[in-house]
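A.B. asks: Got a predicted structure plus its sequence, pasted below:
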Protein chains: 2
Amino acid sequence: MVLIRRELGDVLRERRREQQRSLRDLSAASAVSLGYLSEIERGEKEASSELLGSICDALGLPLSTVLHEVADRVARAEGLATPVTLPVPARAEVSASAA
Amino acid sequence: MVLIRRELGDVLRERRREQQRSLRDLSAASAVSLGYLSEIERGEKEASSELLGSICDALGLPLSTVLHEVADRVARAEGLATPVTLPVPARAEVSASAA
């Protein structure tokens, strides 16, 4: 079974690291205890709606942005993601100009 | 603050009703107690990742489908939804054919 808290934890940790912020900094900014925040990021604890809202606020991210990212990850884990097909450029023909 | 459990509860209840299933039926199918399921649907209790997975399974819905719907609702509540602009058909000119 795909567990939402694991995917959520990964998203939150990635976003925090992108911002080059420490757990301690985010803990202070979100008023979520350091230990609990760490457990949420590791997917070991469920974040209540209120805590998740506080963490998103502290990261400066709308809750919906985080949720969409989590939903996309869950979809991939469920094998349901729309495959991204990149257009393959046609091989350039080497034109032998006879000029 | 937009609370994910409220939007999640609404999505789960709507999907259950679409399937014309009772709380009792879904409770039995998901092995989530009737009272707890009812509280989750009303947005009063947080669903753990495992319970949410069980409820989605019982509804025959991928977790990611439910999460995308929740994320879309949260985005609307945050005023972040991409507005859906339907193309307005040009008013058909009444062509007075002079033939």
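C.D. replies: Received the coordinates, thanks.

A.B. asks: Where does pLDDT dip in chain A?
C.D. replies: A:82-86, A:88-99 (pLDDT under 70).

A.B. asks: what's the neighbour count on A:Glu39?
C.D. replies: Look at A:Glu39: counted by other Cβ atoms under 10 Å in any protein chain shown, it has 16 neighbours. Where you see a C-beta, it was placed from the backbone N, CA and C, and this is true even at glycine.

A.B. asks: Please name the residues that touch it.
C.D. replies: For A:Glu39, the contact set (Cβ atoms under 8 Å, 6 or more residues apart in numbering or on different chains) comprises A:Lys45.

A.B. asks: Give me the buried positions along the helix or strand hosting it.
C.D. replies: Assigned by DSSP states H and E, A:Glu39 belongs to helix A:34-41. Across helix A:34-41, burial judged by 16 or more other Cβ atoms under 10 Å in any protein chain shown covers A:37-41.

A.B. asks: Now do A:Gln20 against A:Leu26, distance only.
C.D. replies: Separation of A:Gln20 from A:Leu26 (Cβ to Cβ, to the nearest Å): 11 Å.

A.B. asks: Nearest to A:Ser48, out of the buried residues of helix A:34-41: which one, please.
C.D. replies: A:Ile40 (9.9 Å; Cβ to Cβ).

A.B. asks: wait, what's in contact with the residue nearest the centre of chain A?
C.D. replies: In chain A, the residue lying closest to the centroid (Cα atoms, centre = their mean) is A:Val11, at 2.9 Å. For A:Val11, the contacting residues are A:66, A:69-70, A:73, by Cβ under 8 Å, 6+ apart.

A.B. asks: how does it look with 10 Å?
C.D. replies: By Cβ atoms under 10 Å, 6 or more residues apart in numbering or on different chains, the contact list for A:Val11 reads A:41, A:61, A:65-70, A:72-73.

A.B. asks: Return the residues of chain A in contact with chain B.
C.D. replies: A:1-8, A:43, A:46-54, A:56-57, A:62-81 (Cβ under 10 Å from any Cβ of the partner chain).

A.B. asks: So among those, which ones count as buried?
C.D. replies: A:2-8, A:43, A:46-47, A:49, A:51-54, A:56, A:62-75, A:77.

A.B. asks: from these, which ones fall inside helices?
C.D. replies: A:4-8, A:49, A:51-54, A:56, A:63-75, A:77 (DSSP state H).

A.B. asks: where's the residue nearest to A:Leu52 when sequence neighbours are not counted relative to A:Leu51, distance?
C.D. replies: In this structure, A:Leu52 finds its nearest non-sequential neighbour in B:Ile4, 6.2 Å apart by Cβ to Cβ, 6 or more residues apart in numbering or on different chains. As defined by Cβ to Cβ, B:Ile4 lies at a distance of 11 Å from A:Leu51.
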